[in-house]
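Student: Sequence and predicted model, in that order:
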Amino acid sequence: MTQTRDHADIRLWLRLLYCTSRIEQQLQSRLTAEFGMSLARFDLLSQLERAPNGLTMTELSRQMMVSNGATTSLVDRLAEDGLLQRTPHPSDRRTTIISLTGAGREKFLAIAREHEVWVIGLLEGLSAEAKAELLSGLGALKQHLSV
């Protein structure tokens, strides 16, 4: 690769990082102000909402792309708040299944509705064409990185 190309790739990576960080900062600020919840807690609830039969701690950590230790502390706090429950795995007594409680699902869905409005608001300044180009380009990048 040429030096110019290298700089373009670094600039692209830095731009992706900046945009991701700014969006996360905005969402974290709003989640805290409106619901007293961290983005990490919201993400954990989101993973469980998509898994009606629950997930093991290992599955949850893998999906969230964080360590088991980080997941454990989030699970502990959310269980204390009554938003999720632990049940023994039916065939492996060393494993626990984590799932949303009814209250946890209700709270998540209420927050998710607001979260969607916030994300739409953050991206509404982009034209439909710009969004389509970004989606296509990022889709290609995702596929390239998944190989």
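Tutor: The structure has been received and is ready for your questions.
Student: what about this protein, any weak spots by pLDDT?
Tutor: Within the chain, the stretches with pLDDT under 70 are 1-6.
Student: Report the central residue of it.
Tutor: The centroid of the chain falls nearest to Asp43 when counting by Cα atoms, centre = their mean (4.0 Å).
Student: Distance-wise, check the residue nearest to Pro88 when sequence neighbours are not counted relative to Pro90.
Tutor: Excluding the flanking residues, the one nearest Pro88 by Cβ to Cβ, 6 or more residues apart in numbering is Thr96, at 6.4 Å. The way it works is simple: take the backbone N, C-alpha and C, and place the C-beta from them, glycine included. Thr96 sits 11 Å away from Pro90, going by Cβ to Cβ, to the nearest Å.
Student: So which of those two has more stuff around it?
Tutor: Taking other Cβ atoms under 10 Å, Thr96 and Pro90 do not tie; Thr96 has more neighbours (16 against 8).
Student: any idea how far the more buried one lies from Ser127?
Tutor: Per Cβ to Cβ, Thr96 is found 47 Å from Ser127.
Student: Where do the helices of this structure begin and end?
Tutor: All helices of the chain, identified by DSSP state H, fall at 3-35, 39-49, 57-64, 68-80, 102-123, 128-145.
Student: can you pull the contacts of the residue nearest to Pro88?
Tutor: Going by Cβ atoms under 8 Å, 6 or more residues apart in numbering, Thr96 touches Thr56, Met57, Arg86, Thr87, Pro88, His89.
Student: Could you turn the buried ones of those residues into a ChimeraX selection?
Tutor: Buried subset of those, written as a ChimeraX selection, criterion 16 or more other Cβ atoms under 10 Å:
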select :57
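Student: and the contacts of Thr96, which of them are in strands?
Tutor: Using DSSP state E to define strands, the subset of the contacts of Thr96 located there is Thr56, Arg86, Thr87, Pro88.
Student: so, if you compare the residues you listed, which one comes nearest to Gly139?
Tutor: Thr56 (29.9 Å; Cβ to Cβ).
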